[in-house]
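Visitor: Have a look; sequence and predicted model below, questions after that.
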Amino acid sequence: QMRARQWRDRSNKAKLERAQESLCTHRRQLAKRADTEAHQHEVSHAIREELHEAEQRLLAETGEWSKTKAEFEEAERSMRGAEAELEDVTAELRTVAHSSLDMLRSAVQEKHLEIAAADEMRDDYVSRAKLVSKRIEELQSL
């Protein structure tokens, strides 16, 4: 019985260690995805700044302050399209991050349930051991 208990304890410890490793892996993946989202935000901001600077240089170099209405509207549509694409990418990154977070939460919840089940089994074995010990004492007193 002692060997079986030791084996179960080692098995439960190994399961807990695997669960902790899995949790660490999920955390690293989530952090990597968050870094990617932050990088995408920085890139989109830099692109917007470059577009603005390029527009200012163009206006200064050509001295054309009176663009035609059609050219202005086309540039505006183009910028809206680029912003929409950036928003789509950001939304996708958020979706991935939320999905990863949900998976991580699910994994953590599953591990909590496994730990609770292991605790329950341990308590059951301890209770049984006490009953057996009591029964042995009763038999020895006879």
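Guide: Cool, got the structure.
Visitor: Can you list the low-confidence ranges for the chain?
Guide: Across the chain, the stretches falling below the confidence threshold (pLDDT under 70) are 61-69.
Visitor: show me where it has helices.
Guide: In the chain, the helices defined using DSSP state H lie at 2-62, 69-141.
Visitor: and those helices as CSV, adding mean neighbour count?
Guide: For glycine as for every other residue, the C-beta is placed from the backbone atoms N, C-alpha and C. Listed next are the helices of the chain as CSV, based on neighbours: other CB atoms under 10 Å:
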stretch, mean neighbour count
helix 2-62, 12
helix 69-141, 12
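Visitor: OK, contacts around the closest residue in space to Arg27 that isn't next to it in sequence?
Guide: What sits nearest to Arg27 in space, not counting adjacent residues and going by CB to CB, 6 or more residues apart in numbering, is Leu104, at 7.2 Å. When the contact criterion is CB atoms under 8 Å, 6 or more residues apart in numbering, the partners of Leu104 are Leu23, His26, Arg27, Leu30.
Visitor: any idea which of those residues is closest to Ser78?
Guide: The shortest gap between Ser78 and any of the contacts of Leu104 belongs to Leu30, at 34.8 Å (CB to CB).
Visitor: Relative to Asp124, how far out is the nearest residue to the closest one once chain neighbours are set aside?
Guide: For Leu30, ignoring the flanking residues on the chain, the nearest one in space by CB to CB, 6+ apart is Ser100 at 5.1 Å. Here Ser100 is placed at a distance of 36 Å from Asp124 (CB to CB, to the nearest Å).
Visitor: swap in Glu85?
Guide: Using CB to CB, one obtains 58 Å as the distance from Glu85 to Asp124.
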